[in-house]
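Visitor: Test case, fold it:
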Amino acid sequence: MAKRGDSTRLSTLSVPVAAPEDPFSASPTAVNVQFSAGELRSAFRAKVWEPHLRPIIGFALQRAKQDLSGAPVTVVLLSGGSANIRWLIELLRRDFDTELNQAEILTLKDFQEVVSKGLAAECARRYYTAEGDFSAVTYNRVCLILDPDESGHEIKKFIPRDVSLPKADIPGVLLPSASVLTAFRDRSMRWRVHLDRAPRRCLNYYFLRSSFDPNDIQNLQNVEEKTVHTPKNFRFDPDLTLELGVAEDGTATPRFIYRQGRTEADTVAQQGRPFFLDMTTGDSLPIGKAYLGLDFGTSNTSVSFVNQTSIQIFERRSQERSWNELVDLAACLPYPLSAPLAQYVSQTDPARLATAGRDFVESSLTLAAYTAYQEYCTLKGRAETRILKRLRKRSAGPAWGLFKDSMEQLGSQAMFSAAYRELLHSELKREIDNAVEIMAQHKHGKATEEMANPLRVVHILANIAHLAFGDNGFGIFQHVEKQRFSVNY
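Guide: Numbering: from 1, shown residues only. Predicted coordinates for the structure are as follows:
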């Protein structure tokens, strides 16, 4: 993991740390001791990574294989205060090279905020309509393993008998993680499952948190009771029916129905012992206008604020094709366009949406104008031109004018700017002309934000720019270092 010389450098790099001379004294005297980076790394690896983090991460990756259906892990997102310890990245690459060999490890600027922001966004997402509720949601997947007559554990697929039940296509999974159970507060949930053999004597059952191992005591939920005994002298149904009732406080009561009768008196069933299901509890709350996410960490606490209106807008846009296309384009356009496009897509304040759209339109027209003009300059030779004189400022109108003049001069000789010819077709040209005029009026307070929102033109310019730069790389210099002047350069 470390290069040669790293150990020596880490052992010499140290800082003074105030420590109590006698930690068991009521008022200890503080002394300064040197604490090296090497000692910190050794302590993190020996006390945190190896006994705790590595086994948990390995278990999570192993558990995820079935959900991924053979697909590789492509992204690793580090969050939380401990992610500031950059050795975590190197340890992940070292110890999980096989599992993460195709994954990109992303580091966030603010490790602490991501958890609280996610909490606030999820609360707002669930509550932004009257049907939303966050008071009866499971934390982890609920798995169930059955063992009829102690013949062996069977991991079977559970088929919901109610269409409103969350559906899990993975055998052994009863409820997916984050399942909302609000609709089942006053009625039981039911599934049917086909076993290889009928439980004529007894049925061992194991409710587990995201695990398929009945011996996994850490994730077993019905710890106190795991067996129900079968009544005698009746005929089994082809499928076993599981009935699960969940109270408001999270208490789950299982009931196994061997034969479904026309009435309750004719039904043959056995009830299991109640156990606690990992889920949020509490009464339904009124719809809020804003939400706070709190993440209480060991070294710091973060608070994030999310407005309900923002979530409504994001949720609505996620269903619209045009907005989804813009989100995709923001990830592949050159940076001078992707940055303002990302700002426009993420903007939820109606008062600022028009301004964000104008920024993207101005950036797009400017880049198109510069591209066309520079290509024209490479072809004009020594001929003089005055078309650049029109670009007195970098706003939509002058940039659009320079672009049209440059493309007119280029004519059929355009290569790098060829894709931009689409903008000069009569229909698209008319839309951009109108948008440029309205944006100029909005800038001077003569048009409303709703009138000046250039969604249609943003969509046109983003798609044309994607065509223009699809085969033409647009790069930047990275890691440029200033060097001392030398006659050799």
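Visitor: Was I right to think Ala168 contacts Ala178?
Guide: No. In this structure Ala168 lies outside contact range of Ala178 using CB atoms under 8 Å: 11.9 Å. Backbone N, C-alpha and C define where each C-beta goes, glycine included.
Visitor: in the stretch 51-200 of the chain, which spans are strands?
Guide: 75-77, 104-106, 142-148, 159-160, 173-175, 189-193 (DSSP state E, counting those that start in this stretch).
Visitor: Tell me which of those sits most buried.
Guide: Greatest average neighbour count among these goes to strand 173-175 (a mean of 24), per mean count of other CB atoms under 10 Å.
Visitor: Glu408 is nearest to which of the strands of the stretch 51-200 of the chain?
Guide: Of all the strands of the stretch 51-200 of the chain, the one in closest proximity to Glu408, counting by CB to CB, is strand 104-106 (44.2 Å).
Visitor: mean confidence score for that closest one?
Guide: Average pLDDT, strand 104-106: 76.
Visitor: Stretch 459-476 too?
Guide: 76.
Visitor: mind listing what the closest residue in space to Arg235 that isn't next to it in sequence touches?
Guide: In space, and not counting its chain neighbours, Arg235 is closest to Arg259: 6.4 Å by CB to CB, 6 or more residues apart in numbering. Arg259 is in contact with 234-237, 266-268, counting by CB atoms under 8 Å, 6 or more residues apart in numbering.
Visitor: Which parts of the chain are helices?
Guide: In the chain, the helices defined using DSSP state H lie at 6-12, 37-43, 54-68, 87-95, 113-127, 308-318, 321-330, 335-346, 350-380, 396-410, 426-443, 449-452, 455-468.
Visitor: Go through those helices and find the least confident stretch.
Guide: Set side by side, these give their lowest mean pLDDT on helix 6-12, at a mean of 56.
Visitor: So for His194, which of the helices of the chain sits nearest?
Guide: That would be helix 54-68 among the helices of the chain, by CB to CB, at 19.9 Å.
Visitor: name the helices or strands packed onto that closest one?
Guide: helix 87-95 (3 or more CB pairs under 8 Å, 6 or more residues apart in numbering; DSSP states H and E).
Visitor: could you say what helices and strands the helix it packs on packs with?
Guide: In this structure, helix 87-95 makes packing contacts with helix 54-68, strand 104-106, judged by 3+ CB pairs under 8 Å, 6+ apart.
Visitor: In TSV, list those along with distance to Ala252.
Guide: Formatted as TSV, the helices and strands packed on helix 87-95 follow (distance: least, CB to CB, whole Å):
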stretch	distance to Ala252
helix 54-68	22
strand 104-106	37
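Visitor: Please work out which of those is packed deepest.
Guide: Note that of these, helix 54-68 is the most buried (mean count of other CB under 10 Å), with a mean of 13.
Visitor: Tell me the gap between that one and the middle of its chain.
Guide: Offset of helix 54-68 from its chain centre (CA atoms, centre = their mean, to the nearest Å): 18 Å.
Visitor: just to revisit the earlier point, out of the contacts of Arg259, which end up buried?
Guide: Buried subset of the contacts of Arg259 (neighbour count, 16 or more other CB atoms under 10 Å): Val268.
Visitor: Which two among the contacts of Arg259 are spaced furthest apart?
Guide: Spanning the widest gap among the contacts of Arg259 are Phe236 and Asp266, at 14.1 Å by CB to CB.
Visitor: mind checking which of the helices and strands packed on helix 87-95 is nearest Leu91?
Guide: Comparing these by CB to CB, helix 54-68 comes nearest, at 7.4 Å.
Visitor: picking up where we left off before, okay, the contacts of Arg259 in a markdown table with pLDDT and distance to Thr29 next?
Guide: Below are these laid out as a markdown table (pLDDT from 0 to 100; distance: CB to CB, whole Å):
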| residue | pLDDT | distance to Thr29 |
| --- | --- | --- |
| Phe234 | 90 | 78 |
| Arg235 | 91 | 81 |
| Phe236 | 93 | 76 |
| Asp237 | 93 | 76 |
| Asp266 | 89 | 80 |
| Thr267 | 93 | 75 |
| Val268 | 94 | 75 |
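Visitor: from the contacts of Arg259, which single one is nearest Asp278?
Guide: For the contacts of Arg259, the minimum distance to Asp278 (CB to CB) is 29.4 Å, reached by Thr267.
Visitor: what residues are up against that closest one?
Guide: Neighbours of Thr267 in contact, by CB under 8 Å, 6+ apart: 257, 259-261.
Visitor: Looking at the helices and strands packed on helix 87-95, which is nearest to Pro160?
Guide: Pro160 lies closest, by CB to CB, to one member of these: helix 54-68, at 18.8 Å.
Visitor: the inter-axis angle of that closest one versus helix 87-95?
Guide: Put simply, helix 54-68 runs at 70 degrees to helix 87-95, going by axes from the mean of the first three to the mean of the last three CA atoms, to 10 degrees.
Visitor: which residues touch helix 54-68?
Guide: Residues contacting helix 54-68 (CB under 8 Å, 6+ apart): 73, 91-92, 95-96, 99-100, 170, 210-211.
Visitor: mind redoing it with 7 Å?
Guide: Under the criterion CB atoms under 7 Å, 6 or more residues apart in numbering, residues 95-96, 99, 170, 210 lie in contact with helix 54-68.
Visitor: mind checking how far the nearest residue to Leu165 once chain neighbours are set aside is from Phe35?
Guide: Nearest non-adjacent residue to Leu165, counting by CB to CB, 6+ apart: Met189, 5.8 Å away. From Met189 over to Phe35 the distance is 55 Å, taken as CB to CB, to the nearest Å.
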